[in-house]
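Student: Fold the following for me, if possible:
(one chain, ligands or ions: 1)
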Amino acid sequence: MLYLVGTPIGNIGDLSPRARQVLSDVDVIACEDTRVTGILLKACGIEPKKLFCYQEHNKASKGPQLIDMLRQGLDVAQVSDAGMPAISDPGEDLVRLAIEAELDITVVPGPVAAMSALVLSGLDTRYCHFEGFLPQDNTRRRERLNRLTKYDETIILYEAPHRINKLIEELISAGFEDSNIAFAREITKKYEEVIRLKVNEAPGYFEANPPRGEFVICLEPLEQKAEAESGMCDADTLIKLLIEKNMPTKEISQVVSRALDLPKKDVYKRSLELASMKNYN
Ligand code: SAM
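Tutor: Numbers count the residues shown, from 1 in each chain. The predicted model follows:
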């Protein structure tokens, strides 16, 4: 059996009891860096039977070797340095090989930095797009950035701290300057924090507080913002009509928010603003 095992993204207390059991029991643990995984296992009191290096640079040759071990009936666990294997980490190729070889695969789920950041971000969690790392190649990077402007789901990016400033500049150039953005830093670690601001406020923030540690970036999409804005335009017309009919503000907020699927408190606030304007321009 091939086990895809999630490991902590910072706090070793997040290694699940089932993950401990599997990592103790399997014949082989395939990991990116035997030192990194060795440290985790030692800290958790796990004595591995065998560690096997499987990483981005050797996966083409080491993948088939792991498949041979599985064919011989050995149990293999695959882990990455942190988080879930196959999420911006090696894993998906091994899964594909195992499927082709008709071998059994299962998952032992664990923390994922992207999802942990999303729930902390305060942005829309119903629909999201996981982008991970943007390509380093300039042309492909520009293409991906351009594609991001078309999404209407919260966008989740991974980025190294020394490239955060460049990424912010690129997001501003792509038109995201007024979007809300959340930088979730050092999640589950001692210095965990979430920096929530507008994209165009980020350069000033990071000039005063240089980026350190690991970051996940959650970004409000352009399409959603445009929809929200056009929704409020429709709302204005309806609110004005209801004010003319002398409907109480509370009732207006209920009716309009239900009709246009807008947050009740935003409609309430807008109704008070419009009522105070009287002539509405
Ligand atoms: N497989 C991992 C997962 O499931 O999230 C992702 C591995 S990817 C190589 C590493 C990137 O994940 C980092 O550069 C950072 O963007 C993000 N990351 C990992 N741990 C993090 C943490 N504790 N806090 C914030 N971001 C983290």
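Student: Only C-alpha atoms from now on, for both contacts and neighbour counts.
Tutor: Noted.
Student: hang on, residue 129 is in a strand, isn't it?
Tutor: Yes - counting by DSSP: H, G, I helix; E, B strand; the rest coil, one finds residue 129 located in a strand.
Student: Is it correct that it is in contact with residue 150?
Tutor: No - using CA atoms under 8 Å, residue 129 is not in contact with residue 150; the gap is 11.3 Å.
Student: State the distance from the closest residue to residue 92 other than its chain neighbours to residue 273.
Tutor: Across the structure, with CA to CA, 6 or more residues apart in numbering as the measure, the residue nearest residue 92 apart from its sequence neighbours is residue 86 (4.9 Å). Counting by CA to CA, to the nearest Å, the gap from residue 86 to residue 273 is 50 Å.
Student: quick one: which of these two has more around it?
Tutor: Between residue 86 and residue 273, counted using other CA atoms under 10 Å, residue 86 has the larger neighbour count: 17 against 12.
Student: Run through the helices of the stretch 101-250 of the chain in chain order.
Tutor: Assignment of helices within the stretch 101-250 of the chain using DSSP state H, counting those that start in this stretch yields the ranges 113-121, 138-148, 164-173, 202-208, 222-244, 249-260.
Student: Worst mean pLDDT among these?
Tutor: Out of the helices of the stretch 101-250 of the chain, the stretch the model trusts least by mean pLDDT is helix 222-244, with a mean of 74.
Student: quick one: residue 117 and residue 188 touch, right?
Tutor: No - counting by CA under 8 Å, residue 117 stays clear of residue 188, with 10.3 Å between them.
Student: okay, these two: which has more neighbours?
Tutor: In this comparison of residue 117 against residue 188, neighbours counted by other CA under 10 Å, the higher total goes to residue 117 at 24 against 18.
Student: What residues does this structure have near the ligand?
Tutor: Neighbours of the ligand within the chain, by CA under 6 Å from any ligand atom: 9-10, 82-85, 87-89, 112-114, 158-160, 184-188, 214-216.
Student: quick one, domains of the chain?
Tutor: As given by automatic domain parsing, the domain ranges for the chain are 2-111, 114-221, 225-276.
Student: which stretch in those is the model least sure about?
Tutor: With a mean of 82, domain 225-276 has the lowest mean pLDDT of the domains of the chain.
Student: Could you give me the buried positions within stretch 71-78?
Tutor: For stretch 71-78, burial by neighbour count (16 or more other CA atoms under 10 Å) applies to 71, 74-78.
Student: again but with stretch 197-205, I slipped
Tutor: Of the residues in stretch 197-205, those scored as buried under the neighbour-count criterion (16+ other CA under 10 Å) are 198-200, 202-203.
Student: Now do residue 79: how many residues are near it, please.
Tutor: Neighbours around residue 79, by other CA under 10 Å: 26.
Student: I misspoke; the intended subject was residue 97.
Tutor: A count of neighbours around residue 97, defined by other CA under 10 Å, yields 15.
Student: Run a quick neighbour tally on residue 150.
Tutor: The burial count assigned to residue 150 is 12, neighbours taken as other CA under 10 Å.
Student: residues contacting it?
Tutor: Neighbouring residues of residue 150 by CA atoms under 8 Å, 6 or more residues apart in numbering: 221-223.
Student: from the chain's centre, how far out does stretch 174-194 sit?
Tutor: For stretch 174-194, the separation from the chain centroid amounts to 10 Å (computed by CA atoms, centre = their mean, to the nearest Å).
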